[in-house]
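[1] Dropping a prediction and its sequence here:
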Amino acid sequence: MITLASDFGSPYPAAMKGVILSRTDAQLVDISHDLPRQDPRAAGFWLRETVPYFPPAVHLAVVDPGVGTNRRAIAIRVGNHALVGPDNGLLRPVVRRVVERHDTEPSISAYEIIVDNPASTTFHGRDLFAPAAAAIHKVGVSRIETVEMLSPISVESCVDLRFPEPTVEGRTVHGEVLVVDDFGNVITNVPGDVVAGIERATVDDKSVPVVETFAAVSPGDRLLTVGSHGYVECDVNQGRGDERFGLGVGDPVRIAVDGPSDPPTLG
Amino acid sequence: MITLASDFGSPYPAAMKGVILSRTDAQLVDISHDLPRQDPRAAGFWLRETVPYFPPAVHLAVVDPGVGTNRRAIAIRVGNHALVGPDNGLLRPVVRRVVERHDTEPSISAYEIIVDNPASTTFHGRDLFAPAAAAIHKVGVSRIETVEMLSPISVESCVDLRFPEPTVEGRTVHGEVLVVDDFGNVITNVPGDVVAGIERATVDDKSVPVVETFAAVSPGDRLLTVGSHGYVECDVNQGRGDERFGLGVGDPVRIAVDGPSDPPTLG
Amino acid sequence: MITLASDFGSPYPAAMKGVILSRTDAQLVDISHDLPRQDPRAAGFWLRETVPYFPPAVHLAVVDPGVGTNRRAIAIRVGNHALVGPDNGLLRPVVRRVVERHDTEPSISAYEIIVDNPASTTFHGRDLFAPAAAAIHKVGVSRIETVEMLSPISVESCVDLRFPEPTVEGRTVHGEVLVVDDFGNVITNVPGDVVAGIERATVDDKSVPVVETFAAVSPGDRLLTVGSHGYVECDVNQGRGDERFGLGVGDPVRIAVDGPSDPPTLG
């Protein structure tokens, strides 16, 4: 199985699929080709929240504003998964999440993808990453080191990407918006624990109920909830949280825990 | 085979696919993940117009504004098809259509999906419906009653959803817009028979030609036609009917049959 | 394998997939269902840039403003590929490209698809092209002439579609915009050779650097580059070229080669 993810929209992913299927008969599964455009951090979040649910596979992921520059192209093996993409941090959060989900520490190894004179300088998805993913699939992830176009490097040498951590000041958590989903739900970096057991919180200057389901408030009303990824979300029932809260990716967000509960703590 | 349909956009469907493929090696086919958002009636229309074309399969469909509330999660078997989704009416139109397409009455049975403490209260697609679809696929639709997480219920107890019926007054049919498609074509609930054999009709206050093909009128011009689902559509050749007719989902629409033909009748 | 391409958006392609999978167990791969709407020329460009990367397969492609009129429905076999779609020129560029990629001239044959009374006059993708693609897949491309619904015609009788050719006047190339991609990159019909080895060019009245990678200029800055299809593109690093250059599909574009280099030549 090879999964595919990119910020390419349509129809560029088809060229990658054609290249892969010309070289190996893998089952192809799309993760998304509408990842946040040119934004490895937000795209890395979504990869971390989707890829680890898959059985062992080769995962091709391309969000690559530096395509054609001297940024490296890499493959990382973690357990029986192999990740293929640009060395801009995109792959690191999913690697960490796959490690966390293993009972025992999985083996990790990293490789630079070497392709002399790829056919283009702007479409490495087609000319470099797809051939690499196909080559790894062909020999099997467990024999990744036998793939000719891969040259071993240290995992530590790969660009890292970490999401910002929130901070606490009294009853207020200072967080940041990590991503906004297609529904307009605003996903912050504030852990769900911060709002556990409380009924209301103040987001920036708005007092908002903390609920478990969207339908707990009237259509069009604001709410805070702990999303399926475990973070506090600023949402609207049957509406767009980003518009009503005036929040977008990267924006700071202050969440104050009201009432008689203990002040919030992190971790 | 498991088909997937939702209003999730991207990339949430990927988590459902990962969950399924971790449990069973089904062929996955996307119906759509851009079903009308939070609108089980309009989404139920599209499921009815697409799912029955498939060979026997498990069909996962999630448009679920009540996620996390006490609305039930259900599976319905009809013949060799199994439908999995929320108990909000979404699945009922496709069940009826599958029955209509059978020569002999197929067997129908319904089940509540029981999952103790799903991992989230907001993403039952991943945490409840996908595991149920995978479990049904694994044993086979014909043995659905052996799936442990399913508890028999009566089909009659499931929430029903019926599309509104048009009414006739003299030469005028009072209908309603069921859905608007991606082209902007306005699909009403008025049966195509109403305009059979006539050359013009009046939609609200506009006289419009009734034609068999878009190209029968000039680009940019309005037309009425009987769409591929058998209903009267208000369209524009190479343009958007919704904008030119000023019509959206749920709007009333009056279609008056002009000229010397017999007054319209329904059914 | 059957690939699918259309301008249908969602969810109409699902009905085509259901029809195909009810008749044959082909692996389905989506090329795109967001091809430029109702624009066979621009859609034909994208088919040419994606389909030839695939291994031998049946390729279903529907961008069909004349659906239901007397335009023919056709299938073209080229080597071990079969293309199925409307006879409006859409399929011809990809046929030519597949021929170019063969070492020896592949055999080509063409057929009209004959379906008496298709179920609709507006959705031939479901009622005519999908059944034809399934039928060809079932017997195999090499035995396409045995498919009952196909009647031989001459390839020359099929509507052709050629992209406009640029012209040269002194140091200026007069080209045209072929397509704009999802990133807003403006893809012209000017061959990449025209800007080979030069550092700047003038697009309409704007002097722009000619670079190999987007990242060679600052985010938000304009650039010219040779895209992955070999043509000159008018782009913006991490922005939309169509908006900054004020260019859309079909617009004329003047590219003047600055400096001491030889005047541009074509071909």
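    Okay, I see it.

[2] what helix or strand is the spatially most central residue of chain A on?
    Nearest to the mean C-alpha position of chain A, by Cα atoms, centre = their mean, lies residue A:45 at 2.3 Å. For residue A:45, the host element (DSSP states H and E) is helix A:40-50.

[3] Quick check: buried residues in that helix?
    A:40, A:41, A:42, A:43, A:44, A:45, A:46, A:47, A:48, A:49, A:50 (16 or more other Cβ atoms under 10 Å in any protein chain shown). (Glycine included, C-beta is placed from N, CA and C.)

[4] same deal with stretch A:162-170?
    For stretch A:162-170, a neighbour-count test (16+ other Cβ under 10 Å) marks A:163, A:166, A:168 as buried.

[5] between these, which is nearest chain C?
    Using Cβ to the nearest Cβ, residue A:163 comes nearest to chain C of the buried residues of stretch A:162-170, at 21.1 Å.

[6] Now do the contacts for the nearest residue to that closest one once chain neighbours are set aside.
    Residue nearest to residue A:163 in three dimensions, not counting chain neighbours: residue A:189, with 5.6 Å by Cβ to Cβ, 6 or more residues apart in numbering or on different chains. By Cβ atoms under 8 Å, 6 or more residues apart in numbering or on different chains, the residues touching residue A:189 are A:163, A:164, A:165, A:166, A:175, A:176, A:177, A:178, A:231.

[7] Closest one to chain B out of those residues, please.
    When the contacts of residue A:189 are compared against chain B (criterion: Cβ to the nearest Cβ), the nearest one is residue A:231, at 11.4 Å.

[8] For the closest one, list the residues it contacts.
    Contacts for residue A:231 (Cβ under 8 Å, 6+ apart) come out as A:178, A:187, A:188, A:189, A:190, A:191, A:192.

[9] Of those, which belong to strands?
    A:178, A:187, A:188, A:189, A:190, A:191 (DSSP state E).

[10] What is the nearest of those residues to chain B?
    The nearest member of the ones in strands among the contacts of residue A:231 to chain B, counting by Cβ to the nearest Cβ, is residue A:187 at 11.4 Å.

[11] Could you count how many residues lie near that closest one?
    As a burial measure, residue A:187 scores 25 neighbours (other Cβ atoms under 10 Å in any protein chain shown).

[12] so residue A:89 makes contact with residue A:159?
    Yes. With contact defined as Cβ atoms under 8 Å, residue A:89 and residue A:159 form a contacting pair (4.6 Å).

[13] and residue A:206, what is it in contact with?
    Residues near residue A:206 by Cβ under 8 Å, 6+ apart: A:222, A:245.

[14] That one and residue C:185: what is the separation?
    Applying Cβ to Cβ, to the nearest Å, the value for residue A:206 to residue C:185 is 40 Å.

[15] show me what contacts the residue in the stretch 151-267 of chain A positioned nearest to chain C?
    Closest contact between the stretch 151-267 of chain A and chain C, by Cβ to the nearest Cβ, is at residue A:182 (13.2 Å). Counting by Cβ under 8 Å, 6+ apart, residue A:182 touches B:8, B:9, B:10, B:12.

[16] do residue A:227 as well
    A:185, A:187, A:192, A:233, B:120, B:122, B:123.

[17] Narrow those to those in strands?
    Using DSSP E, the contacts of residue A:227 in strands are A:187, A:233.

[18] Show me which of the contacts of residue A:227 are buried.
    Burial by neighbour count, 16+ other Cβ under 10 Å: within those this picks out A:185, A:187, A:192, A:233, B:120, B:122, B:123.

[19] what's across from the residue nearest to residue A:196 when sequence neighbours are not counted in the sheet?
    Counting by Cβ to Cβ, 6+ apart, residue A:226 is the residue found nearest to residue A:196 once chain neighbours are left out, at 7.8 Å. With DSSP bridges as the criterion, residue A:226 is bridged to residue A:232.

[20] Check the burial of residue A:226 by counting its neighbours.
    22.

[21] who touches stretch A:161-172?
    A:40-41, A:44-45, A:88-90, A:92-93, A:173-176, A:178, A:188-191, A:254-258, A:263-266.

[22] Kindly provide the whole-number mean pLDDT of it.
    Stretch A:161-172 comes out with an average pLDDT of 95.

[23] again, but for stretch A:111-127
    So the average pLDDT for stretch A:111-127 ends up being 94.

[24] list the buried ones in it?
    Using 16+ other Cβ under 10 Å as the test for burial, stretch A:111-127 gives A:111, A:112, A:113, A:118, A:120, A:121, A:122, A:123, A:124, A:125, A:126, A:127.

[25] next one: stretch A:195-209
    Neighbour count says stretch A:195-209 has A:195, A:198, A:201, A:202, A:203, A:208 buried, by 16+ other Cβ under 10 Å.

[26] which pair in these spans the largest distance?
    Greatest spatial distance in the buried residues of stretch A:195-209: A:198 and A:203, 12.8 Å, computed using Cβ to Cβ.

[27] Which neighbours do the two have in common?
    Joint contacts of residue A:198 and residue A:203 (Cβ under 8 Å, 6+ apart) do not exist.

[28] Now flag whichever of the contacts of residue A:189 is closest to residue C:99.
    residue A:178 (49.0 Å).

[29] Now do the closest one against residue A:225, distance only.
    In terms of Cβ to Cβ, residue A:178 sits 15 Å off from residue A:225.

[30] about what we covered before: from the contacts of residue A:182, which ones fall inside helices?
    Using DSSP state H, residue B:12 are the members of the contacts of residue A:182 that sit in helices.

[31] can you put the contacts of residue A:182 in CSV and add neighbour count and distance to chain A?
    As requested, these are exported to CSV (neighbours: other Cβ atoms under 10 Å in any protein chain shown; distance: Cβ to the nearest Cβ, whole Å):
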residue, neighbour count, distance to chain A
B:8, 25, 7
B:9, 16, 3
B:10, 19, 4
B:12, 23, 7
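
[32] can I get the contacts of residue A:182 in JSON lines with pLDDT?
    Putting these into JSON lines (pLDDT from 0 to 100) gives the following:
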{"residue": "B:8", "pLDDT": "97"}
{"residue": "B:9", "pLDDT": "96"}
{"residue": "B:10", "pLDDT": "96"}
{"residue": "B:12", "pLDDT": "98"}
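
[33] For residue C:155, state which of the contacts of residue A:182 is nearest.
    Of these, the one sitting nearest to residue C:155 (Cβ to Cβ) turns out to be residue B:10, at 39.6 Å.

[34] give the contact list for residue A:109.
    Neighbour list for residue A:109: A:76, A:77, A:144, A:145, A:152, A:155 [criterion: Cβ under 8 Å, 6+ apart].

[35] Measure how buried residue A:65 is and give me the count.
    Counted with other Cβ under 10 Å, the neighbours of residue A:65 add up to 19.
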